[in-house]
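# Sequence first, then the predicted structure, then my questions.
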Amino acid sequence: MTRLASAPYGHGSTPAGRDRDRRQAAVAGTITLYRVSHSVMTVSVVRIVH
């Protein structure tokens, strides 16, 4: 997550839909969906165990 936070458009992430700032990436064996905000630095993590 630290590497992804430092470069949210890199590290193999792709847009999740038409909005460039809504992203998805494979992180630690999971698919992580996130939004890039240019005004606020916030990271929210939800872990779903199935």
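Cool, got the structure.
# buried ones in the helix or strand hosting residue 26?
Element membership of residue 26, judged by DSSP states H and E, is strand 22-27. Neighbour counts over strand 22-27 (16 or more other Cβ atoms under 10 Å) mark 23, 25, 27 as buried. For every residue, glycine as well, the C-beta is placed using N, CA and C.
# and what of stretch 26-38?
Residues of stretch 26-38 classed as buried under the neighbour-count rule (16+ other Cβ under 10 Å) are 27, 34.
# what does stretch 28-46 rub up against?
1, 4-5, 8-9, 16, 21-26, 47 (Cβ atoms under 8 Å, 6 or more residues apart in numbering).
# In PDB, could you pull the C-alpha coordinates for it?
Provided in PDB are the C-alpha atoms of stretch 28-46 (Å, rounded to 0.1, in the frame of the first residue of the first chain):
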ATOM      1  CA  ALA A  28      -1.000  -8.500  -1.700                       C
ATOM      2  CA  GLY A  29      -3.200 -11.000  -3.500                       C
ATOM      3  CA  THR A  30      -6.300  -8.900  -3.400                       C
ATOM      4  CA  ILE A  31      -8.100  -6.500  -5.900                       C
ATOM      5  CA  THR A  32      -8.000  -3.100  -4.400                       C
ATOM      6  CA  LEU A  33     -10.400  -0.300  -5.500                       C
ATOM      7  CA  TYR A  34      -9.500   3.200  -4.600                       C
ATOM      8  CA  ARG A  35     -10.100   6.900  -5.600                       C
ATOM      9  CA  VAL A  36      -7.300   9.400  -6.100                       C
ATOM     10  CA  SER A  37      -8.100  12.700  -4.500                       C
ATOM     11  CA  HIS A  38      -5.800  15.700  -5.200                       C
ATOM     12  CA  SER A  39      -7.000  17.800  -2.200                       C
ATOM     13  CA  VAL A  40      -7.100  15.200   0.600                       C
ATOM     14  CA  MET A  41      -4.700  12.400   1.400                       C
ATOM     15  CA  THR A  42      -6.900   9.600   2.800                       C
ATOM     16  CA  VAL A  43      -6.500   5.900   2.500                       C
ATOM     17  CA  SER A  44      -9.500   3.700   3.400                       C
ATOM     18  CA  VAL A  45      -9.000  -0.100   3.500                       C
ATOM     19  CA  VAL A  46     -11.800  -2.700   3.700                       C
END
